[in-house]
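Asks: got a predicted model here, sequence first, then my questions.
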Amino acid sequence: MEWRMLALLLLAWGATVSHGFYLPGVAPQDFKKGDHMLLKVNKLSSIKTQLPYQYYSLPYCRPEKIIPFAENLGEVLRGDRIENSLYQMKMRVDEQCKILCRIESLSEAQADAFIENIDDDYKVNMILDNLPVAMVKILKDDSGKQMKAYERGYYVGFKATIEGQKDIKFFLHNHLRFNILYNRDSATDLSRIVGFEVEAFSVNHQYDKPWDPKNPVLQTCNPNRGVAVSHTQPPQAVEPGAEILFTYDVQFSQSEIRWASRWDTYLQMTDDQIHWFSIVNSVMIVLFLSGMVAMIMMRTLHRDIAKYNALDAQEDAAEETGWKLVHGDVFRPPDRASLLSTYVGVGVQIFGMLVVTTFFALLGFLSPSNRGGLMTAMVLMFVFMGSLAGYGAARLYKTFRGDQWRQMTVRTAFMFPGVVFGVFFVLDLIVWGQKSSGAVPFGTLVALCFLWFGVSVPLVFMGSYYGFKKPAPEDPVRTNKIPRQIPEQPWYMHPVFSCLVGGVLPFGAVFIELFFILTSVWLHQFYYLFGFLALVFIILCLTCAEITIVLCYFQLCSEDYNWWWRAYFTSGSSALYLFAYSAFYFYSKLDITKVVPMLLYFVYMATVSYGFFCLCGTIGFLAAY
């Protein structure tokens, strides 16, 4: 009975997840003329602080009851907090000078909150029919032709100096002009939203006094008097005691954009040609280097094998040379074999997660229209790939003739996830101390712990059980009972030097794409080029494998048979270059000056580099093995 209840609970949970999953291009929403449309508000975000806040953390106009909308795991982890608003819109019904609310006197705390957000370049995010609000930018492509692009959100306000004064003043965007693009079906007269644009104004509203809350008459925005808000009007200053009126316009524009193509403008890239050239250039260089590596390997091995065959045919062959000398020691189990098995298992788990997630992303399941879908998929895939981690670690550990399989399995289940969760939990406490919506709620932490302890850990043990159940593979050569003495190595074969050299090529395969990934994460831009990402991932795997094989071969030629750990570190050392590049990106591209955002950036990038180390190290190790 208990098992049936558990199965029903899991089925209900799966149905909830699938219900919240949005497949782009399948479920468009049709509106009749005059139908109400729900405008939702989302978080406040800034690339200067990287700390999101709830929309209603600022004294904006709020409804009597704030209703949070269903979110998936990825949205919560990203800091999205989607709620209802007071904005009223009807399909194809233009509105002008609609008054949202009035703040009679801005308190000092409210003024300070606005000023701090304006100073940190915070943007307001809104959603209409699953489209984020965006400001229009007119750009030029390489041919000089103008093109329209979107910049998500609008700024809370701006700061400027008034002519004749030295002090910087802060001004609030208190009037919004929404332009909603729609595609109309002439046969049914139904419309679909294909664009959600906004232009923000700061205007010091004046009205006929006294204030009539039921029928106020504005002087600065009045369609009956032919007065519309413009950028030439005096702006609304943010200071204690100021009276602020929040207003908005709504206009509808018919568009030829099809519903299936409505995200194209959001995904418009200003450096598209640069991206294409960089990717192709990187691919060609890496393919050229890969061809060189393969050619060197084939020629070197062919020459050595031919030489050994010639020596075997001679009766006076004195002794063997090179890698053939260590054939009796090459499969000798390494030191800390249990730890190496654990790292290989973790790498297999990350590899499986990336392969499956990239596959679904290529199919369009994880497009930007599915907010939080990519992060949700990565978390769930990592959890479900625990079985591969246990199986891979167990198979390798059994090859080493290890007998402490329980300790090894526990380490595989808890080491990497424990480090990541520990770092995440500490940073979450810091973000919570900043009162940011980026702080993960307690309920979500409980859900993550359930996925870890209730799903991932049992899967690791299950995979480990089946891995140990199978017989260990036989080594192709017998291992000598007495270890061979390793001769003194030349300086260029020192482990640290050779590993650092080995990490250059894998990093070279990804650093161009890494720039765009970092830009999407830390500059809040959309990333959707999963085709390029899949190609770069394949090249990364090839380069990790080939550079590890080559350096492992040179190591064995120097009669050093301790190759196990060095094979892992050879391609895994590319993580050092990744972290160094992230530091370069921080100081060259980002405008983060505060301590907490800086701490978040470097700790998160160190965690990502740790995962990259496990991934590349495992690929190189398995290729050499």
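Replies: Everything's here; your move.
Asks: neighbours of the residue nearest to residue 361 when sequence neighbours are not counted, how many?
Replies: The shortest distance from residue 361 to any non-neighbouring residue, by Cβ to Cβ, 6 or more residues apart in numbering, is to residue 530 (4.1 Å). Every residue, glycine included, has its C-beta placed from N, CA and C. Burial measure for residue 530: 20 neighbouring residues, criterion other Cβ atoms under 10 Å.
Asks: what pLDDT does residue 530 get?
Replies: Listed pLDDT for residue 530 reads 76.
Asks: one more: the one 5 residues further on?
Replies: What the model reports as pLDDT for residue 535 is 80.
Asks: separation between the residue nearest to residue 361 and residue 350?
Replies: From residue 530 across to residue 350, the span is 17 Å (Cβ to Cβ, to the nearest Å).
Asks: so after the strand or helix carrying residue 431, what's the next helix or strand?
Replies: Secondary structure assignment for residue 431, by DSSP states H and E: helix 405-433. Next along the chain after helix 405-433, taking DSSP H and E as the criterion, comes helix 442-449.
Asks: contacts for that following helix, please.
Replies: 73, 76-77, 379, 421, 425, 428, 440 (Cβ atoms under 8 Å, 6 or more residues apart in numbering).
Asks: ok, these vs residue 541, which is closest?
Replies: residue 379 (22.7 Å; Cβ to Cβ).
Asks: helix/strand/coil for the closest one?
Replies: Secondary structure for residue 379, judged by DSSP: H, G, I helix; E, B strand; the rest coil, is helix.
Asks: so what's it up against?
Replies: 73-74, 77, 448, 451 are the contacts of residue 379 under Cβ under 8 Å, 6+ apart.
Asks: returning to what we had before: so the residue nearest to residue 361 sits right up against residue 363, yeah?
Replies: No: in this structure, residue 530 is not within contact of residue 363 by Cβ atoms under 8 Å, at 9.2 Å.
Asks: and the nearest residue to residue 513 once chain neighbours are set aside, how many residues sit next to it?
Replies: Leaving aside its chain neighbours, residue 513 sits nearest to residue 536 (4.7 Å; criterion: Cβ to Cβ, 6+ apart). Around residue 536 there are 22 other residues, counting by other Cβ under 10 Å.
Asks: do residue 41 as well
Replies: Quick note: residue 41 (other Cβ under 10 Å) scores 23 neighbours.
Asks: a strand runs through it, doesn't it?
Replies: Yes: secondary structure assignment (three-state DSSP) places residue 41 inside a strand.
Asks: contacts only, for it.
Replies: 55-56, 60, 82-85, 124-127.
Asks: for it, name its beta-bridge partners.
Replies: residue 83, residue 126 (DSSP bridges).
Asks: do you know how far it is from residue 124?
Replies: Distance from residue 41 to residue 124, by Cβ to Cβ: 7 Å.
Asks: how far away is the nearest residue to residue 491 once chain neighbours are set aside from residue 256?
Replies: What sits nearest to residue 491 in space, not counting adjacent residues and going by Cβ to Cβ, 6+ apart, is residue 497, at 7.2 Å. Shown here: residue 497 relative to residue 256, a distance of 61 Å by Cβ to Cβ.
Asks: more crowded one of these two?
Replies: Set side by side, residue 497 and residue 256 show more neighbours around residue 497, with 11 against 8, by other Cβ under 10 Å.
Asks: hmm, residue 504 and that one touching each other?
Replies: No: assessed by Cβ under 8 Å, residue 497 is found out of contact with residue 504, at 11.8 Å.
Asks: hey, where'd the strands end up in the stretch 51-200 of the chain?
Replies: 88-90, 95-103, 123-128, 131-132, 134-140, 146-152, 154-155, 157-161, 168-172, 175-184, 191-201 (DSSP state E, counting those that start in this stretch).
Asks: could I get the ones you listed in CSV, plus columns for mean neighbour count, mean pLDDT and distance to residue 332?
Replies: Below are the strands of the stretch 51-200 of the chain laid out as CSV (neighbours: other Cβ atoms under 10 Å; pLDDT from 0 to 100; distance: least, Cβ to Cβ, whole Å):
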stretch, mean neighbour count, mean pLDDT, distance to residue 332
strand 88-90, 16, 91, 73
strand 95-103, 17, 88, 75
strand 123-128, 21, 92, 58
strand 131-132, 20, 90, 58
strand 134-140, 13, 82, 61
strand 146-152, 15, 81, 57
strand 154-155, 18, 92, 64
strand 157-161, 15, 87, 67
strand 168-172, 19, 90, 69
strand 175-184, 20, 92, 68
strand 191-201, 21, 92, 64
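Asks: any idea which of the ones you listed gets closest to residue 207?
Replies: Using Cβ to Cβ, the nearest of these to residue 207 is strand 95-103, at 9.1 Å.
Asks: next, the angle strand 175-184 makes with that closest one.
Replies: 140 degrees (axes from the mean of the first three to the mean of the last three Cα atoms, to 10 degrees).
Asks: then strand 95-103 to PDB, C-alphas only?
Replies: Taking C-alpha atoms only, strand 95-103 is exported to PDB below (Å, rounded to 0.1, in the frame of the first residue of the first chain):
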ATOM      1  CA  GLU A  95      -5.900  53.800 -23.900                       C
ATOM      2  CA  GLN A  96      -4.200  57.100 -23.000                       C
ATOM      3  CA  CYS A  97      -3.300  58.800 -19.800                       C
ATOM      4  CA  LYS A  98      -4.700  56.000 -17.600                       C
ATOM      5  CA  ILE A  99      -3.900  56.700 -13.900                       C
ATOM      6  CA  LEU A 100      -2.600  53.800 -12.000                       C
ATOM      7  CA  CYS A 101      -2.200  55.300  -8.500                       C
ATOM      8  CA  ARG A 102      -1.000  58.300  -6.700                       C
ATOM      9  CA  ILE A 103       1.600  58.600  -3.900                       C
END
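Asks: for the remainder of this discussion, apply numbering that starts at 20.
Replies: In the new numbering, first residue 20, that becomes strand 114-122.
Asks: list the neighbouring strands of that strand plus their orientation.
Replies: Sheet partners by DSSP bridges: for strand 114-122, these are strand 263-273 (antiparallel).
Asks: neighbouring contacts of the strand it pairs with?
Replies: 79-80, 106, 108, 110-122, 125, 191, 193-203, 214, 222, 224, 226, 237, 240, 247-248, 255.
Asks: could you list the buried residues of that strand?
Replies: 263-269, 271 (16 or more other Cβ atoms under 10 Å).
Asks: got a markdown table for these, with distance to residue 421 too?
Replies: Shown next, in a markdown table, are those (distance: Cβ to Cβ, whole Å):
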| residue | distance to residue 421 |
| --- | --- |
| 263 | 69 |
| 264 | 73 |
| 265 | 67 |
| 266 | 71 |
| 267 | 68 |
| 268 | 71 |
| 269 | 68 |
| 271 | 69 |
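Asks: verify the contact between residue 526 and residue 596 for me.
Replies: Yes: using Cβ under 8 Å, residue 526 is in contact with residue 596, at 4.0 Å.
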